[in-house]
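Novice: okay, sequence plus prediction incoming.
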Amino acid sequence: MKLQLAGTSILCVVLLALPGRHACAISAEELAANYMATLAKQQRYAFKFTASAVRDGQDIYHERDGRTTFSASGELICDGRRIALRIKRWGQYTSHQAIPASNPRYWRVIYDGRELWTYYRSPTDEFAPHGRLFMTTNPTRRDISEIVRITYPGHYMLGYISEVGIRMDEILRDRSTKLALRPGPEKVGGVECYVLDVSSKFGRGTLWLDPEHGYNIAQAYYNVRSGDITHGTVPAGHDTHLHLRDVRFDLVDGVWFPTRATTEWRLAAPECREIIVRQHRLTDVKLNPDMDAMNAFSTADIPNGTECKYRPGQAKFTWQSGRLVPAGRR
């Protein structure tokens, strides 16, 4: 039987018997809709996070041969339209460069619905000791969607399973996507989960959806390779694999929210081979935050003397007392 979900081909209807439920017919259409309904409830949040990672291999810039380790901590707030992020990163980044926890790299990202501000400070950047600030007016949808995927190491837990920079619900709705529901459940974390195979122009993979925890993703494999679409067409010889596992959930205001997970990311390309295993943990999770009441857009942590570039046009400024001053002026 073939069904349609917003242009998506749905390939099967199966009969499953899950614990605590009567045997019932469920389609890939219904399953995808259940997952997307939960994900929609998770788009307005505030939480603190920690992450640790071990990297093996040689990265794409040939800077990290062998094994390196790094950690991160911070806070992420989003009200569905605006984003505020603080994150510190430290560790043995390369065989010859260690960033101490006492003096970490620091990011401050703000999108207030109009402008995107990205502040970055590194103890190894001798040319910008106060840090660098990039301000973009009228950022594109890609700019905004990539804030979470690039800057927050636990983005996989928020539905950003692929390398595309869009959430899984958008992939499921895309006209190129085909879904196939496997004929039987598989146990993940002690729960009998539905298993959904996904194939689209953005890649392919498998999702284990947990009916006891809001149909969240309890485990996932996803592959992006040559010819797939990310920020263009993936070049020849590039192949990435993601395994999301060991996911745990907490009930927050009636919504199951992923708060712990492990990810393993593998890259094979002509210029490098790389494996990164990360451990993620969220704390103090709140839904539907009042970002203004939380003072989420404060710029108090951007120090005087920070170099600024304002896009478009790449005009150069210096940050002084909470405002932009043309470079060379005081």
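Specialist: Arrived safely, thanks for sending.
Novice: D228 touches V234, doesn't it?
Specialist: Yes: under the criterion of CB atoms under 8 Å, D228 makes contact with V234 at 4.8 Å. In this view, the C-beta of every residue, glycine as well, is placed from N, C-alpha and C.
Novice: you'd agree M291 is up against E75?
Specialist: No: counting by CB under 8 Å, M291 does not reach E75; the two are 11.8 Å apart.
Novice: so what sits against both of these two?
Specialist: Any residue near both M291 and E75 by CB atoms under 8 Å, 6 or more residues apart in numbering counts here, and that gives A84.
Novice: can you give me the helices in the stretch 101-250 of the chain?
Specialist: 141-151, 168-173 (DSSP state H, counting those that start in this stretch).
Novice: just checking, what packs against the shortest one?
Specialist: Contacts defined by 3 or more CB pairs under 8 Å, 6 or more residues apart in numbering; DSSP states H and E place helix 168-173 against helix 28-41, strand 191-200.
Novice: out of these, nearest to R55?
Specialist: Nearest of the helices and strands packed on helix 168-173 to R55, taken as CB to CB: strand 191-200 at 27.1 Å.
Novice: rebuild the helices and strands packed on helix 168-173 as TSV, extending it with mean pLDDT, distance to L244 and mean neighbour count.
Specialist: Output for the helices and strands packed on helix 168-173, formatted as TSV (pLDDT from 0 to 100; distance: least, CB to CB, whole Å; neighbours: other CB atoms under 10 Å):
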stretch	mean pLDDT	distance to L244	mean neighbour count
helix 28-41	93	14	19
strand 191-200	95	13	20
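Novice: point out the one among those that comes closest to T318.
Specialist: The closest of the helices and strands packed on helix 168-173 to T318 is helix 28-41. By CB to CB, the value is 41.5 Å.
Novice: from the contact counts, what lies against that closest one?
Specialist: Packing partners of helix 28-41 (3+ CB pairs under 8 Å, 6+ apart): strand 3-5, strand 8-10, helix 168-173, strand 178-181, strand 191-200, strand 203-210, strand 216-225, strand 255-269.
Novice: who does the longest one pair up with?
Specialist: Yep, that's strand 255-269 we're talking about. Under the criterion DSSP bridges, strand 255-269 sits next to strand 239-252 (antiparallel), strand 272-287 (antiparallel) in its sheet.
Novice: the last one: what's the following helix or strand?
Specialist: In other words, strand 272-287. Per DSSP states H and E, the first helix or strand lying C-terminal to strand 272-287 is strand 307-311.
Novice: residues of that next one that come out buried?
Specialist: 307-308, 310 (16 or more other CB atoms under 10 Å).
Novice: what residue is smack in the middle of the protein?
Specialist: Central residue of the chain (CA atoms, centre = their mean): H155, 2.0 Å from the mean position.
Novice: right, and that one touches V148 too?
Specialist: Yes: using CB under 8 Å, H155 is in contact with V148, at 5.0 Å.
Novice: now distance to D112 too, for the helices and strands packed on helix 28-41, in a markdown table please.
Specialist: Shown next, in a markdown table, are these (distance: least, CB to CB, whole Å):
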| stretch | distance to D112 |
| --- | --- |
| strand 3-5 | 34 |
| strand 8-10 | 34 |
| helix 168-173 | 23 |
| strand 178-181 | 36 |
| strand 191-200 | 32 |
| strand 203-210 | 32 |
| strand 216-225 | 29 |
| strand 255-269 | 25 |
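Novice: tell me which of these lies nearest to G91.
Specialist: Checking the helices and strands packed on helix 28-41 against G91 by CB to CB gives strand 255-269 as the closest, at 16.6 Å.
Novice: how far does that closest one sit from the chain's center?
Specialist: In terms of CA atoms, centre = their mean, to the nearest Å, the centre of strand 255-269 is found 9 Å from the chain centre.
Novice: relative to strand 203-210, how tilted is it?
Specialist: Strand 255-269 runs at 150 degrees relative to strand 203-210, counting by axes from the mean of the first three to the mean of the last three CA atoms, to 10 degrees.
Novice: pull strand 255-269 out as CSV, backbone CA atoms only.
Specialist: Presented in CSV, the C-alpha positions along strand 255-269 are these (Å, rounded to 0.1, in the frame of the first residue of the first chain):
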residue,chain,number,x,y,z
VAL,A,255,7.2,16.3,27.1
TRP,A,256,9.9,13.6,26.8
PHE,A,257,13.2,15.3,26.0
PRO,A,258,16.5,13.6,25.2
THR,A,259,19.1,14.5,27.9
ARG,A,260,21.9,11.9,27.4
ALA,A,261,23.4,10.3,24.4
THR,A,262,26.6,9.0,22.7
THR,A,263,27.4,9.7,19.1
GLU,A,264,30.0,8.2,16.9
TRP,A,265,30.8,10.1,13.7
ARG,A,266,33.1,8.6,11.0
LEU,A,267,34.5,10.4,7.9
ALA,A,268,36.3,8.8,5.0
ALA,A,269,37.6,11.2,2.3
